[in-house]
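Participant: sequence and predicted structure below; questions after.
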Amino acid sequence: MNERKGILFVLATAVISGVSIYVNSIGVKFANPYVFTGLKNVIVALGLCAVVLCAKEWRDIIRLKGKDWLKLTLIGVIGGSVPFLLFFKGLSLTSAAKGGFIHKTMFLYVSFLAIVFLKEKINKSLLIGLAALVVGSILFLGIGPQALNWGDCLVFLATLMWAAEIVIAKRTLNTLSPRIVMWGRMFLGSVIIFGFLAVTGQAGSIFSYTAEHWKWIAIASAFLFGYVFTFYTGLKYVRASVATAVLALGAPITSVVTLIAQGTVSIHSLQWVGMAFMVAGVVSIVGIRRLRLLPSSQSYGARDH
């Protein structure tokens, strides 16, 4: 595995994320957003347990040291539980396009944290790319502070927590496999979420769910599994700033999916310009050289851009 394939994994994550934001915005309205989140995460956690068992990595989990468990627990808290509760509650109160936009501003916070804590290099390409992504994001959705509602604020808070988690996960991936990190995130996170549901007396509502509820939970779970598997696999081999910059492409994908599915969202000329800026920003951060080599099967080592 190398950096080129890592970028391909994150590109897949951007597509999955763009579609899943729209799907989740529908599914979360059919059920209690907290219970919806808990069930979805548990299903993904069970799927990852199967992956770990099939990969025979359960022996590595048994041999984990105290500091490894501490990192995984922290990832489970600020990545696999609390922000999910905040995000899906917020998504039930705002639009899919706006929620997707706020989530995709994560690249700004991750880039700052990665420079400070991961010592990722600041260079002209990174600065130009970040600037283009900011301009593109503003042009694409054109929202200001006055347009934010309570749901948007919850999504924003969840995004900040996920940004911090990605930086911690990136460092953890130096010593642990992506499968163990994603397993820790979702399994430990699910335990915390269901603890919250039990304490608040919401867990019992699961037994009243209909086939329609379970249909949307199953669909959302499939998207979440794809998101977690592709993103954390890619994150191991690319810089955190690069991974989240590519992930920003999910915002216009959400709007395009909404337009196709509902026909109620129109994409104006200024938004097309915004998309162009966002794509240019990702290209600047990732690098033309890496993009040109993506289809190649030849080895390409991980090098700093």
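Facilitator: That came in fine, so what should we check first? Residues are numbered from 1 along each chain as shown.

Participant: in contact with Leu176, which residues?
Facilitator: 60, 64, 68, 72 (Cβ atoms under 8 Å, 6 or more residues apart in numbering). The way it works is simple: take the backbone N, C-alpha and C, and place the C-beta from them, glycine included.

Participant: quick one: low-confidence ranges for the stretch 51-200 of the chain?
Facilitator: For the stretch 51-200 of the chain, the stretches with pLDDT under 70 are 97, 141-147.

Participant: just the strands in it please.
Facilitator: Counting by DSSP state E, counting those that start in this stretch, the stretch 51-200 of the chain has no strands to list.

Participant: could you pull out the helices for it?
Facilitator: 58-62, 66-78, 82-91, 96-104, 106-117, 124-141, 150-172, 178-199 (DSSP state H, counting those that start in this stretch).

Participant: tell me which residues of the shortest one come out buried.
Facilitator: By neighbour count on 16 or more other Cβ atoms under 10 Å, the buried set for helix 58-62 is Ile61.

Participant: then it to PDB, C-alphas only?
Facilitator: The C-alpha coordinates for helix 58-62 follow below in PDB (Å, rounded to 0.1, in the frame of the first residue of the first chain):
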ATOM      1  CA  TRP A  58      -7.900 -10.100  17.400                       C
ATOM      2  CA  ARG A  59      -4.600 -11.300  18.700                       C
ATOM      3  CA  ASP A  60      -3.200  -7.800  18.200                       C
ATOM      4  CA  ILE A  61      -6.100  -6.400  20.100                       C
ATOM      5  CA  ILE A  62      -5.400  -8.700  23.100                       C
END
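
Participant: CSV for the contacts of Leu176, including distance to Ala222?
Facilitator: Below are the contacts of Leu176 laid out as CSV (distance: Cβ to Cβ, whole Å):
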residue, distance to Ala222
Asp60, 26
Leu64, 28
Asp68, 29
Leu72, 24
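
Participant: of these, buried ones?
Facilitator: By neighbour count, with 16+ other Cβ under 10 Å, the contacts of Leu176 hold 64, 68, 72 as buried.

Participant: just give me the neighbour total for Tyr209.
Facilitator: Per other Cβ atoms under 10 Å, the neighbour tally for Tyr209 reads 17.

Participant: that one and Gly201, how far apart?
Facilitator: 16 Å (Cβ to Cβ, to the nearest Å).

Participant: again with Thr233
Facilitator: Distance, Thr233 to Gly201, using Cβ to Cβ: 38 Å.

Participant: with Gly47 instead?
Facilitator: Remark: distance between Gly47 and Gly201 (Cβ to Cβ) = 28 Å.

Participant: neighbour count: these two, which is higher?
Facilitator: Legend: neighbour count by other Cβ under 10 Å for Gly47 and Gly201, higher for Gly47 (18 against 8).

Participant: skipping its backbone neighbours, what lies nearest the more buried one in space?
Facilitator: Nearest residue to Gly47 in three dimensions, chain neighbours excluded: Phe225, at 5.3 Å (Cβ to Cβ, 6 or more residues apart in numbering).

Participant: the helix or strand where that neighbour lies to helix 150-172, inter-axis angle?
Facilitator: Assigning secondary structure by DSSP states H and E places Phe225 in helix 211-235. Here helix 211-235 runs at an angle of 40 degrees relative to helix 150-172 (axes from the mean of the first three to the mean of the last three Cα atoms, to 10 degrees).

Participant: show me what the next helix or strand after helix 211-235 packs onto, helices and strands only.
Facilitator: Later in the chain than helix 211-235, the nearest helix or strand by DSSP H and E is helix 240-247. Judged by 3 or more Cβ pairs under 8 Å, 6 or more residues apart in numbering; DSSP states H and E, helix 240-247 is in contact with helix 3-27, helix 106-117, helix 124-141, helix 150-172, helix 211-235, helix 269-286.

Participant: if you set the cut-off to 10 Å instead, what comes out?
Facilitator: helix 3-27, helix 96-104, helix 106-117, helix 124-141, helix 150-172, helix 211-235, helix 269-286 (3 or more Cβ pairs under 10 Å, 6 or more residues apart in numbering; DSSP states H and E).

Participant: give me whichever of those is most buried.
Facilitator: helix 96-104 (a mean of 26; mean count of other Cβ atoms under 10 Å).
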